[in-house]
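In: okay, structure incoming, though there's no sequence with it:
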DNA sequence: AATGCAGTTCGATATTGTCGAACGTGATTT
DNA sequence: AAATCACGTTCGACAATATCGAACTGCATT
């Protein structure tokens, strides 16, 4: 791992958490001499990855990162395949539909089909949710070979709400359950008042490359048990389009 | 400029143009030894900025860039201020509205309000258009102090369609015109069949920090001359919300 | 007006990234 | 089916390069 590149990305990640930071804040956060941090930031600024706001001397992310994000979405086959099915699922359930992929220990939303009730809803593409607090994340985790252990043993499972699964043992049990049913559930674990169901999507190698699912208002009743079946069927359909031979795959990786 | 960071960003930029590239393609494009390119790519992969697709050994952008892009949008005051006005402008003109900022020699779309006719339209947030081929870009360019020269003298103004302004002299004349009217126009210069009008948005320092405008189907008739007035008024309103003292500012920078 | 703080620039040192060569693997060709 | 080729990857030595500390500048504060 090249040191300066690692540091540059850490700068971007820091700015992604704390949106505006002064140089000294950045330097302290990354344990660097101010001049070192300055050199890194300068390089990022020259490419538009970071901009310093006028007047104040704080830094924030720049327009170049937006351009990259947009291109990423366009290159994702999973996304283009999932969109028609997501629309369909939203129409049939009356719920918002999310599709996500894994990023280290989080899930990144790559598509968001709003609830089809005509109301204005915040676009959620690009937001991240901890794997262990989301149905999307658990769905993928359950079908990963070795990597799952890393998350499970990494120690702290951050608590988002009082309901967040924070015990590795509990999570492990949940994953067994998910492998049995093909559907992951989560109640108020990431956001209070919001629960979700999701199923994993596989590619032609039988790898869990993403997950798709619905968001359920915690108060709302699921019309019978249909929803979970619809979610599973949607994931299966998308997987087939991606060339998956079976759903779930016979021996997941390993 | 730190060399390895510069190279890393060049890798991302290359992947942004040519979506999937093999290591050797990347190495050749950046004039690097394959092993050097590999080290850089490896560092990017470890942070999820780049992923190598399974099976084939090609690389493409990763989910981490999407997360960054999303946060960038959230931090932009221009965007949050512009959105309500963009909705209003779209409603009153019946046209799609775009808001953009400058990124080196391009304009990046930071908000896109679709035509209010209920049809499905591709979201345009994150796409880039060359400054000299877009009304948004020209609107900003006309009110920049020194930087404009860089673009004008950088040599080649890429041609997008047969209508693209490629002569620096012509562009200079257009900018004079824009400074006089406050509204930039463009006909078929970026995309055939699509024209646009835009006006610059200023912040409290009198800097052109963005531009907002409408997209007009080339065949479509503008209802009288109203549209250009509405665009100008919208830009003025957003500028005032950002703390601009005057529109246009008295002495643009300099 | 003076002081302190933060961002920035500059130069010397040694760490660190770079390159060339060698290895392993998968695909293609004879 | 064997061999060759091409490609991605790993490794180690060198020197270029990033890093750090100190000094400078500008701004805000007292």
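Out: Thanks, I have it. Not measured: the values here are computed from a predicted model.

In: tell me which helix or strand in chain A has the weakest average pLDDT.
Out: helix A:147-153 (a mean of 66; mean pLDDT, DSSP states H and E).

In: could you point out which element follows that helix?
Out: Toward the C-terminus, helix A:147-153 is succeeded by helix A:168-181 as the next helix or strand (DSSP states H and E).

In: which element follows that next one toward the C-terminus?
Out: Later in the chain than helix A:168-181, the nearest helix or strand by DSSP H and E is strand A:184-191.

In: residue A:235 in helix, strand or coil?
Out: helix (DSSP: H, G, I helix; E, B strand; the rest coil).

In: excluding its backbone neighbours, what's nearest the residue of chain A most remote from its centre?
Out: In chain A, counting by C-alpha atoms, centre = their mean, residue A:55 sits farthest out from the average C-alpha position, at 35.1 Å. Nearest residue to residue A:55 in three dimensions, chain neighbours excluded: residue B:205, at 6.7 Å (C-beta to C-beta, 6 or more residues apart in numbering or on different chains). In short, each C-beta sits where N, CA and C put it, glycine included.

In: residue A:83 now?
Out: Leaving out its chain neighbours, the residue that sits closest to residue A:83 by C-beta to C-beta, 6+ apart is residue A:111, at 6.0 Å.

In: and if you look at residue A:46?
Out: residue B:1 (5.9 Å).

In: low-confidence ranges, chain A, go.
Out: Chain A contains residues with pLDDT under 70 at A:146-149, A:152-153, A:220-225, A:251-254.

In: and the strands in the stretch 1-150 of chain A?
Out: Secondary structure of the stretch 1-150 of chain A by DSSP state E, counting those that start in this stretch: the strands cover A:50-52, A:59-61, A:96-103, A:106-113, A:128-130.

In: any chance of the backbone angles for the residue in the stretch 151-254 of chain A positioned nearest to DNA strand D?
Out: Nearest residue of the stretch 151-254 of chain A to DNA strand D, counting by C-beta to the nearest atom of the strand: residue A:205, 15.6 Å away. The phi/psi pair for residue A:205 (degrees, to the nearest 10) reads phi -100, psi 0.

In: quick check: residues of chain A near DNA strand C?
Out: Contact residues (C-beta under 7 Å from any atom of the strand) of chain A with DNA strand C: A:2-5, A:22-25, A:34-35, A:38-39, A:41-42, A:52, A:57-58.

In: and the residues you listed near chain B, which?
Out: Contacts with chain B are made by A:2, A:4, A:5, A:39, A:42 out of the residues of chain A next to DNA strand C, judged by C-beta under 8 Å from any C-beta of the partner chain.

In: looking at those, spot the one nearest residue B:17.
Out: residue A:5 (20.0 Å; C-beta to C-beta).

In: look up the closest residue to the closest one, ignoring the ones flanking it.
Out: Residue A:5's closest residue in space is residue B:43 (C-beta to C-beta, 6+ apart), at 4.2 Å.

In: burial measure for that neighbour, as a count.
Out: For residue B:43, the neighbour count with other C-beta atoms under 10 Å in any protein chain shown is 22.

In: distance check, it against residue A:37.
Out: As judged by C-beta to C-beta, to the nearest Å, residue B:43 and residue A:37 stand 18 Å apart.

In: then residue A:16?
Out: Taking C-beta to C-beta, one finds residue A:16 at 16 Å from residue A:37.

In: likewise residue A:174?
Out: 41 Å.

In: how about residue A:2?
Out: 17 Å.

In: do the same with residue A:73
Out: Taking C-beta to C-beta, one finds residue A:73 at 31 Å from residue A:37.

In: do the same with residue A:94
Out: 49 Å.

In: between these two, who's got more neighbours?
Out: Shown here are residue A:94 and residue A:37; by other C-beta under 10 Å, residue A:37 has more neighbours (23 against 13).

In: check contacts around the more buried one.
Out: The neighbours of residue A:37, taking C-beta atoms under 8 Å, 6 or more residues apart in numbering or on different chains as the test, are A:11, A:23, A:26, A:27, A:30.

In: in helices only, show me those.
Out: Judged by DSSP state H, these include A:11, A:23, A:26, A:27 as members of helices.

In: dump the residue contacts of residue A:24.
Out: Residue A:24 touches residue A:34, counting by C-beta under 8 Å, 6+ apart.

In: do you know how far it is from residue A:41?
Out: Separation of residue A:24 from residue A:41 (C-beta to C-beta) stands at 11 Å.

In: and for residue A:83?
Out: 37 Å.

In: more neighbours: those two, which one.
Out: residue A:41 (22 against 16).

In: thought that one was touching residue A:59?
Out: Yes: the pair residue A:41 and residue A:59 qualifies as a contact (C-beta atoms under 8 Å) at a distance of 6.0 Å.

In: need the overlap of contacts for the two.
Out: A:23, A:26, A:50.

In: excluding its backbone neighbours, what's nearest residue A:51?
Out: residue A:62 (4.1 Å).

In: one step back: of the strands of the stretch 1-150 of chain A, flag the one that's most buried.
Out: Ranked by mean neighbour count under mean count of other C-beta atoms under 10 Å in any protein chain shown, the strands of the stretch 1-150 of chain A are led by strand A:96-103, which reaches a mean of 26.

In: show me what from the stretch 51-200 of chain A comes close to chain B.
Out: Residues of the stretch 51-200 of chain A found near chain B, taking C-beta under 8 Å from any C-beta as the criterion, are A:54-55, A:60-75, A:101-104, A:106, A:108, A:110, A:125-128.

In: show the contacting residues for residue A:241.
Out: Residue A:241 makes contacts with residue A:81, as judged by C-beta under 8 Å, 6+ apart.

In: measure it to residue B:173 for me?
Out: Shown here: residue A:241 relative to residue B:173, a distance of 52 Å by C-beta to C-beta.

In: cool, and residue A:73?
Out: Taken as C-beta to C-beta, the span from residue A:73 to residue B:173 is 38 Å.

In: same question for residue A:106.
Out: Distance of residue A:106 to residue B:173, computed by C-beta to C-beta: 51 Å.

In: over to residue A:236?
Out: According to C-beta to C-beta, residue A:236 and residue B:173 sit 60 Å apart.

In: who has more neighbours, these two?
Out: Taking neighbours as other C-beta under 10 Å, residue A:236 and residue B:173 compare with residue A:236 leading, 20 against 12.

In: isn't the residue nearest to residue A:46 up against residue A:41?
Out: No: judged on C-beta under 8 Å, residue B:1 makes no contact with residue A:41 at a distance of 11.3 Å.

In: residue A:105 is in contact with residue A:155, isn't it?
Out: No: assessed by C-beta under 8 Å, residue A:105 is found out of contact with residue A:155, at 11.0 Å.

In: neighbour count: those two, which is higher?
Out: Under the neighbour definition other C-beta under 10 Å, residue A:105 and residue A:155 were set side by side, and residue A:105 has more, 15 against 7.

In: show me what contacts that one?
Out: Contacts of residue A:105 by C-beta under 8 Å, 6+ apart are A:130, A:131, A:151, A:154.

In: sounds good, over and out.
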